[in-house]
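> Below is the sequence, then the predicted model.
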Amino acid sequence: MKKTFGIASAFILAAGLTAGCSSNGASSEQKENKDTLDVYTTIYPLEDFTKKIGGDYVNVKSVYPPNVEAHTYEPSSKTMAEISDSDAFIYSGVGVEGFADKAVNTLKNSDVKIVKAGEGIDLLSREEEGEHDEHAHEEEHEHGEAEGHDHHHDHGDHDPHVWLDPVLAEKLAENIKDELVKLEPEHEKTFTKNYESLKKDLEQLNKDFKQTVDKADKKEILVSHAAYGYWEKRYGIKQISVLGLSPTEEPSQKQLENIVKTAKEHNIKYVIFESNVSSKISEIIKKEIGAESLTMKNLESVSKEDIENGKDYTAIMKENLAILKKALSNKYQRTSA
């Protein structure tokens, strides 16, 4: 269920933060005397990277519960109050966290260090990445106006899914490392060493993606949610998407017809869904073109099963790569999904 951090919650949190400010000196002293940093994060890659870089010196907790859809989720006032008592709040700052701007504005009154992990990353615009296939959505603007449907309302004109690109994920990790060093300079060597180890894993992941796509039979994939624009730019794939950058962005009837037509032109045999996003429209298209289902994980959050099995960002991305390899192959194999 979606939790709303609205006006009432904002007042409750503001009152709590105001009370906390009266004892800020004691709070700061307590933080200085702690052995570890208490850090809250948003999307899963930030949680994973912070844990790996911080090691034993950082206690990391995600704002998001397992398998949540990050675009729409908003934390409770209780969670926000807990964040205000922590040492740092790390969020992407690239537009995926719907609650972030409001939360950051409120947290400015607290003693928590606010870290924008996506600082310095150039985001793809919709025009650059061709969010939807030119045939599938060539009339998007016209139909959006005619039907009163704002297809761009959630993310503006930029793609926030930077963490799916291993190269840009390196930048997220580097920014996290730099901020942890500022907070605990005495542990700089450890943070730097841990970051370098993570960087090597991300560099290898990038090589694996490049090799897989280079050897693929084709470059087109049909996806439920347009989360893979950075793969388009980095590796040369072409995503044909049903929903927009946010899963709430649905196509018009005419656009649906064009998606089906384009999928058939490219002999698409799989529709790629996401583990934390459901789409009845994508199911309809799957049946219309006689396709099978594949499931990727967009890593906004992770499932309880993945947590229990100890899977990290790298392991899940390797699973995504295996799915991508299958989707780009002309060898059609019926799935059990």
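Yep, that arrived.

> List the contacts of stretch 318-333.
Applying CB atoms under 8 Å, 6 or more residues apart in numbering, the external contacts of stretch 318-333 come out as 164, 205, 208-209, 212-213, 216-219, 221, 231, 237, 267, 269-270, 272, 294-297. To be clear about C-beta, it is placed using only N, CA and C from the backbone, and glycine gets the same treatment.

> For stretch 274-294, measure first residue to last.
Distance between the two ends of stretch 274-294: 8 Å, counting by CA to CA, to the nearest Å.

> What average pLDDT does it get?
Stretch 274-294 comes out with an average pLDDT of 86.

> cool, stretch 91-108 as well?
Stretch 91-108 comes out at a mean pLDDT of 90.

> Flag every buried residue along that stretch.
Residues of stretch 91-108 classed as buried by neighbour count (16 or more other CB atoms under 10 Å): 91-100, 102-104, 106-107.

> how far does it sit from the chain's center?
Relative to its chain's centre, stretch 91-108 lies at 14 Å (CA atoms, centre = their mean, to the nearest Å).

> Need the CA coordinates for it. CSV is fine.
The C-alpha trace of stretch 91-108 is given here as CSV (Å, rounded to 0.1, in the frame of the first residue of the first chain):
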residue,chain,number,x,y,z
TYR,A,91,19.5,9.3,-2.3
SER,A,92,20.1,9.3,-6.1
GLY,A,93,18.9,12.9,-6.8
VAL,A,94,18.2,11.9,-10.4
GLY,A,95,14.4,11.9,-10.1
VAL,A,96,13.4,8.4,-9.3
GLU,A,97,12.5,9.0,-5.6
GLY,A,98,9.1,10.7,-5.8
PHE,A,99,9.3,11.9,-2.1
ALA,A,100,12.9,13.1,-2.2
ASP,A,101,12.6,16.8,-2.8
LYS,A,102,10.0,17.3,-0.1
ALA,A,103,12.0,15.1,2.3
VAL,A,104,15.3,16.8,1.6
ASN,A,105,13.7,20.2,2.2
THR,A,106,12.4,19.1,5.6
LEU,A,107,15.6,17.3,6.6
LYS,A,108,17.6,20.5,6.1
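
> Show the contacting residues for the nearest residue to Gly55 once chain neighbours are set aside.
Nearest non-adjacent residue to Gly55, counting by CB to CB, 6 or more residues apart in numbering: Asn194, 5.6 Å away. Neighbouring residues of Asn194 by CB under 8 Å, 6+ apart: Lys52, Ile53, Gly54, Gly55, Lys177.

> Kindly give a single PyMOL line that selects the buried subset of the residues you listed.
Buried subset of those, written as a PyMOL selection, criterion 16+ other CB under 10 Å:
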select buried, resi 52+53+54+177
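
> picking that back up, please pick the buried ones from the contacts of stretch 318-333.
By neighbour count, with 16+ other CB under 10 Å, those hold 164, 205, 209, 212-213, 216, 221, 231, 237, 269-270, 272, 294-297 as buried.

> The residues you listed: which two are farthest apart?
Greatest spatial distance in the buried ones among the contacts of stretch 318-333: Leu205 and Lys269, 26.0 Å, computed using CB to CB.

> that older thread, closest one of the buried residues of stretch 91-108 to Val277?
Relative to Val277, the closest of these is Val96; by CB to CB it sits at 12.8 Å.

> what's the neighbour count on Leu183?
Close neighbours of Leu183, defined as other CB atoms under 10 Å, add up to 18.

> those strands in the stretch 151-300 of the chain, which residues are they?
Here the stretch 151-300 of the chain has its strands, by DSSP state E, counting those that start in this stretch, at 220-225, 238-243, 270-274, 292-296.

> who touches the residue positioned nearest the centre of the chain in this structure?
Centroid check for the chain by CA atoms, centre = their mean gives Glu300 as the closest residue, at 3.9 Å. Glu300 makes contacts with Ile43, Tyr44, Tyr64, Val68, Glu69, Ala70, His71, Val96, Asn276, as judged by CB under 8 Å, 6+ apart.

> are any of those residues buried, and which?
Listed as buried from these are Ile43, Tyr44, Tyr64, Val68, Glu69, Ala70, His71, Val96, Asn276; burial here means 16+ other CB under 10 Å.

> So Ile285 sits against Lys261, correct?
No: in this structure, Ile285 is not within contact of Lys261 by CB atoms under 8 Å, at 10.9 Å.

> which one of the two has more residues nearby?
Ile285 (21 against 13).

> residues touching that one, list them.
Ile285 makes contact with Leu222, Val242, Leu256, Ile259, Val260, Ala263, Val271, Ala291, according to CB under 8 Å, 6+ apart.

> Helices - which of the buried ones among the contacts of Glu300 land there?
Counting by DSSP state H, those place Tyr44 in helices.

> Now distance to Glu188 too, for the buried ones among the contacts of Glu300, in JSON lines please.
Converted to JSON lines, the buried ones among the contacts of Glu300 look like this (distance: CB to CB, whole Å):
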{"residue": "Ile43", "distance to Glu188": "26"}
{"residue": "Tyr44", "distance to Glu188": "26"}
{"residue": "Tyr64", "distance to Glu188": "29"}
{"residue": "Val68", "distance to Glu188": "34"}
{"residue": "Glu69", "distance to Glu188": "37"}
{"residue": "Ala70", "distance to Glu188": "31"}
{"residue": "His71", "distance to Glu188": "35"}
{"residue": "Val96", "distance to Glu188": "29"}
{"residue": "Asn276", "distance to Glu188": "36"}
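
> Perfect, I'm done here.
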